[in-house]
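Colleague: Sequence and predicted structure below; questions after.
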Amino acid sequence: MPRGSFISLEGGEGAGKSTQIRLLAAWLRDLGHEVIETREPGGSPAAERIRETLLGLPESDGTWDAHTECLLLNAARRQHVVDIIKPALGRGASVITDRFSDSTMAYQGYAGSVGRPAVEALDHWAMDGFKPDLTLMLDIEPEAGAARAGERARAAGQTVLDVFERRSITFHQTVLAAFRDIAAREPERCVVIDASATQELVAAAIQNAVKARLEVK
Ligand code: TMP
């Protein structure tokens, strides 16, 4: 793999992104790569503060104005890129992020009311054309993902849903269709991975994609 590769994992709730990031990072480290694991919204101290603001809105306060939400997500991403991602890539480390710009396109652009052209324009301004070298789309039906996410939340003793988890199944179906559409539009950057399979099979499919796309030996 070239030094300083940037990989994003995308997918709906319960797709298994965090587990797969851990497994992918461990595999790459075994091969001798320096790997930074990070996530969005958040990933740097300042961006994590924006995450807390975004996700912590109490149910009694309603929901974010869609444009405000989109601006906050882009603000967090810009800070994350400047503080963490670009410096890591610059020194030759690889970065794996749990979500990136495609999440904003899927959630706020396709499924939300901001719309695709506005999300694209904002991303272009905030990122200056900066994109992952490889995006792995973890593909799972929303019902199956929600069941997994529910189990995880119960195990963690979490009872209150955050502002994003309160969304409907139709919304999550649109998000899934959005990730598939983004992958179809940018096949050179994106690989769709069947995330309904076992953890081991998903990890193997991810390793194969990374080997094929980033020439990992
Ligand atoms: P997580 O469940 O992967 O921690 O992500 C937090 C929530 O934030 C998830 O419901 C998806 C949502 N989200 C967006 O709506 N737009 C974005 O740009 C990002 C990064 C996340």
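Modeller: Great, that's in hand. Here the structure is a predicted model, which means the values were calculated and not measured.

Colleague: How far off centre is stretch 207-217?
Modeller: Its chain's average C-alpha position is 20 Å from that of stretch 207-217, according to C-alpha atoms, centre = their mean, to the nearest Å.

Colleague: Flag every buried residue along it.
Modeller: Residues 207, 209-210, 213-214, 216 are the ones in stretch 207-217 that count as buried (16 or more other C-beta atoms under 10 Å). Where you see a C-beta, it was placed from the backbone N, CA and C, and this is true even at glycine.

Colleague: Which other helices and strands does the helix or strand hosting residue 207 contact?
Modeller: Here residue 207 is covered by helix 199-214, with elements defined by DSSP states H and E. When contacts are defined as 3 or more C-beta pairs under 8 Å, 6 or more residues apart in numbering; DSSP states H and E, helix 199-214 packs onto helix 17-30, strand 134-139, strand 190-194.

Colleague: Comparing the ones you listed, which comes out most buried?
Modeller: Counting by mean count of other C-beta atoms under 10 Å, strand 134-139 has the highest mean neighbour count of those, with a mean of 24.

Colleague: nearest to the ligand, of the helices and strands packed on helix 199-214?
Modeller: Ranking the helices and strands packed on helix 199-214 by proximity to the ligand (C-beta to the nearest ligand atom) places helix 17-30 first, at 6.3 Å.

Colleague: neighbouring contacts of the closest one?
Modeller: By C-beta atoms under 8 Å, 6 or more residues apart in numbering, the surrounding residues in contact with helix 17-30 are 1, 7, 9-11, 35, 37, 39, 94, 96, 98-99, 136, 138, 195, 199, 202-203, 206-207, 210, 216.

Colleague: among the residues you listed, which ones are buried?
Modeller: Listed as buried from the contacts of helix 17-30 are 1, 7, 9-11, 35, 37, 39, 94, 96, 98-99, 136, 138, 195, 202-203, 206-207, 210, 216; burial here means 16+ other C-beta under 10 Å.

Colleague: Many thanks, we can stop here.
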